[in-house]
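Student: Predicted model and sequence follow; I will ask about them next.
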Amino acid sequence: MTHSLSSPFSQQELQELRTLFPHIKDGKIYMNHAAIGPMPTPVYEVTRHHLDVRHSGSVENFEEGMQLITDARDHAATYINAKTPENITFMGNTSDAISAVANGLSWNDGDEIILNRIEFPSNVYPFRRLEEHGVVIKYAPGSNHKVDPKEIEALITPKTKLVSISAVQYLGGFKADLHSIGEICKRHNIWFVVDGIQALGATPVDVQNCNIDALCSGGHKWMMSPLGSGFLYLSPRLQPALKPFKTGWLSVEEPWNLSDFEQPWLPVSAHLETGTPNLIGITGLGAALKLFRDIGTDNIRDHIFHISGMVRQLVANQKGAELLTPLPVEQRMGIVTFKAEQTRTDPETVIKELKRKSVTISAREGYFRISPHFYNTEEEAEAVINMLFKEL
């Protein structure tokens, strides 16, 4: 499939969805969700409620917060098709989640990890630290900003212990074939770790169908949640193999038995939630996931395909444009990355000029990157491309 899907939303439905995003009033256009997403009104309201309680209400809102955290865990588990909510651990960001896996596994001298050359550093540095313990990092080349599952399988040896890859790459927007890679890892008995931050919120990732052992993601991009919110999925297979790399007073079975220092540890998925939770962040994340469910995750995905496909086509029609993002929808999600030689100045300067005109996209590694979400319109896509190629 190489064409962009049509939007599942009628014009009326889309306009109703746009009312959840007051940041776009007065003609502002925001298409930078691969960097940071806006908080829709339901997310803002639940976070503001907790601030109000702490500021001018009863102050103690821990019990209410714990129920909302339970709800958020349920929403996250459903969103990624985890077997149970107990597979979900709330973390501060993607790096924390990947570090929990990298530091929680036992490593031997000569063990191998397979990464690739087009990754964001969050999915590299936690594993690089293991080199001091004799772990060998091997990189799939990522030719043309794509990673073929065959490139990964070609690097596997009897010493390969783990493969980690982003569901969607931050720069070119390439969407990995997680199902095929998961099958390879299963066949070779290798842990399969996925950085989901550039996919989740735009589209769910089915952890069971893809044989994923760990799915790591922050919530502040496509999931439109507060900064410092995210989660780690651990498969039933991986969880007992992990050692906790951090502990706290909530890491034991009966934390309120404050004087019993010898009690058993919780399973590592719960063990990692070591102390007072980020109540605002987690409940905001839960509210966002509930909103996605109510709108329809397939609807969100298809509209993003439609608008990002339109952006890609508009760019392809421009003389001298160099597209980095693949054409087939099975190889991309919401990111469109390209060079535009017509612009008079470097991308960073152009981005500043666009912001003065109330348009927000981003520049990465000398490329422009546009990342629309489910409330963006065709008119906005056309306006951004016209401004970028004809006015600047």
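Tutor: Ah, there it is. Residues are numbered from 1 along each chain as shown.
Student: Need the CA coordinates for the helix or strand bottoming out on mean pLDDT in the chain. PDB is fine.
Tutor: Ranking every helix and strand in the chain by mean pLDDT, DSSP states H and E puts helix 268-271 at the bottom, with a mean of 89. C-alpha atoms of helix 268-271 as PDB (Å, rounded to 0.1, in the frame of the first residue of the first chain):
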ATOM      1  CA  VAL A 268      10.100  -6.300  39.600                       C
ATOM      2  CA  SER A 269       7.300  -4.600  37.600                       C
ATOM      3  CA  ALA A 270       5.900  -3.200  40.900                       C
ATOM      4  CA  HIS A 271       9.300  -3.100  42.600                       C
END
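Student: Residue 246: what secondary structure?
Tutor: coil (DSSP: H, G, I helix; E, B strand; the rest coil).
Student: The helix or strand following the least confident helix or strand of the chain: which residues count as buried?
Tutor: As assigned by DSSP states H and E, the chain's next helix or strand after helix 268-271 is helix 279-295. Burial within helix 279-295, assessed by neighbour count using 16 or more other C-beta atoms under 10 Å, is assigned to 279-292, 295. All C-beta spots, glycine's among them, are computed from the backbone N, C-alpha and C.
Student: and the particular helix or strand that has residue 114 in it, which strands flank it?
Tutor: Element membership of residue 114 [criterion: DSSP H and E] is strand 112-116. Here strand 112-116 is paired, per DSSP bridges, with strand 136-140 (parallel), strand 160-166 (parallel).
Student: Which residues does it contact?
Tutor: Applying C-beta atoms under 8 Å, 6 or more residues apart in numbering, the contact partners of strand 112-116 are 123-124, 127, 130, 135-142, 147, 151-152, 155-157, 159-165.
Student: again, only this time at 6 Å
Tutor: 124, 127, 136-140, 142, 147, 152, 155, 159-160, 162-164 (C-beta atoms under 6 Å, 6 or more residues apart in numbering).
Student: Of all the strands paired with strand 112-116, which one comes closest to residue 192?
Tutor: Across the strands paired with strand 112-116, residue 192 has its closest neighbour in strand 160-166 (5.6 Å, C-beta to C-beta).
Student: And that closest one, how far out from the chain middle?
Tutor: Centroid separation between strand 160-166 and its chain, computed with C-alpha atoms, centre = their mean, to the nearest Å, is 17 Å.
Student: next one: stretch 377-385
Tutor: Relative to the centre of its chain, stretch 377-385 is centred 24 Å away, using C-alpha atoms, centre = their mean.
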